[in-house]
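>>> next come a sequence and a model predicted from it.
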Amino acid sequence: MTLALLHILHENPSLAFRRVGEALKVIPAVPPEARPVLAHFKTALLQALEDGERVEARALLSPWRALPLLGHALGVEASLVLTIYAKEGDEPRRYLVPPEKLTAYSAWASKNPPPPWELHLSPTTGDWALGLREGWAVAVEALARGTRYLLLLPAPEARAWLEAAGKGLFRPEWVSVWRRGVSPFTARGWEEALARLKGVPHVGS
């Protein structure tokens, strides 16, 4: 589950990942509880780093660095549509990004502040949709109508999305929620996931 990767990175912010060819170096030693998750997502971590690059876990949770990591974790097999909102209220800018260019572009963009207000990424096949908002506090992951959704949002926006989804005519095959500092939780539907986020403040712990 992708939310488990977010949880491990958040709980171990000083872990540093370095790509050397097709090898992934992690400094310092990986805690035992983190090993299964990091091993499962090793390929995504490699693909999210440029060769020779060293990035700390806390940096991989920033919007631009999380973009290729989570995109590859979801499965990049086709061209990608990247939508950027530089500031709240701005018109979106959309780009067609070849999969092999996603990490290099994101690494470059992460060094050019300010960070974007919102990012969206999805393959042209429509298999999944990834959304990241500046100041995100919680993550929602769901499979519904054949599309996998992964959204990193401030708590009010996450609750609003779950409320809107719950009013739709379709039920999820599964839905999970996570907030910083708390282990991911798999719910039985939109309502239970929404209840899990009740009372979560705008900024996560």
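Ah, there it is.
>>> surely Arg94 forms part of a strand?
Yes. Assessed with DSSP: H, G, I helix; E, B strand; the rest coil, Arg94 lies in a strand.
>>> where's Leu82 relative to Lys42, distance?
Leu82 is 24 Å from Lys42, where distance means Cβ to Cβ, to the nearest Å. Every C-beta, even on glycine, is put in place using the N, C-alpha and C of the backbone.
>>> neighbour count: these two, which is higher?
Leu82 (21 against 15; other Cβ atoms under 10 Å).
>>> element containing that one, please.
Under the criterion of DSSP states H and E, Leu82 resides in strand 80-85.
>>> which stretch of helix or strand covers the residue most central in space within the chain?
The centroid of the chain falls nearest to Leu70 when counting by Cα atoms, centre = their mean (4.6 Å). Assigned by DSSP H and E, Leu70 belongs to helix 63-74.
>>> pLDDT of that helix, averaged?
Helix 63-74 carries an average pLDDT of 96.
>>> and for stretch 36-48?
In this model, stretch 36-48 has a mean pLDDT of 96.
>>> so which bits of it are buried?
Neighbour counts over stretch 36-48 (16 or more other Cβ atoms under 10 Å) mark 37-38, 41, 44-48 as buried.
>>> got a list of contacts for it?
4-5, 7-8, 17, 19, 22, 24, 26, 30, 60, 65, 68-70, 72-73, 76, 103, 106 (Cβ atoms under 8 Å, 6 or more residues apart in numbering).
>>> that one spans what distance, first to last residue?
19 Å (Cα to Cα, to the nearest Å).
>>> who touches the closest residue to Leu194 other than its chain neighbours in this structure?
Distance criterion Cβ to Cβ, 6 or more residues apart in numbering; nearest residue to Leu194, sequence neighbours excluded, is Leu162 at 4.3 Å. Going by Cβ under 8 Å, 6+ apart, Leu162 touches 140, 190, 193-194, 197.
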